[in-house]
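A.B. asks: okay, structure incoming, though there's no sequence with it:
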């Protein structure tokens, strides 16, 4: 089993210290065809996912589970400048329909469990 139990590269703290870049994307008052740009945005996101650059993305929801109009995108990037280039390339941001703020994020706590059953072709992600 692969493990990082002895990881101390996070300033001596045993936590993982994984660096990612979080983008908070919100609609501006700019007029335009959001539906058309949405498809371009999703295609862009899929291309980043295929390249292994997109860690996670999706809309934030309100308490009633309706869309809040805010998108959350997390990139795997080597630097803040690289992450900004990725965000700038998003069709929503290029057209001015959305603006964004970006934050470096050091992931210290949490977990991800993945089970793969080869014979059945089944997987579970928790």
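C.D. replies: Cool, got the structure. What you see is a predicted model; the values in this text were computed from it and never measured.
A.B. asks: assign a three-state SS to the residue positioned nearest the centre of the chain, would you?
C.D. replies: Centroid-nearest residue in the chain: residue 74, 2.2 Å away (criterion: Cα atoms, centre = their mean). Three-state secondary structure (criterion: DSSP: H, G, I helix; E, B strand; the rest coil) places residue 74 in strand.
A.B. asks: ok, for it, nearest residue in space, not its chain neighbours?
C.D. replies: For residue 74, ignoring the flanking residues on the chain, the nearest one in space by Cβ to Cβ, 6 or more residues apart in numbering is residue 55 at 4.2 Å. For every residue, glycine as well, the C-beta is placed using N, CA and C.
A.B. asks: and the helix or strand containing that neighbour, which residues are buried?
C.D. replies: In this assignment (DSSP states H and E), residue 55 forms part of strand 54-61. For strand 54-61, burial by neighbour count (16 or more other Cβ atoms under 10 Å) applies to 54-55, 57.
A.B. asks: and that strand, which strands flank it?
C.D. replies: According to DSSP bridges, strand 54-61 forms sheet pairs with strand 67-75 (antiparallel).
A.B. asks: what sits up against the partner strand?
C.D. replies: The contact list for strand 67-75 (Cβ atoms under 8 Å, 6 or more residues apart in numbering) reads 20-27, 45, 48, 53-62, 83, 86-87, 90, 92, 98, 105.
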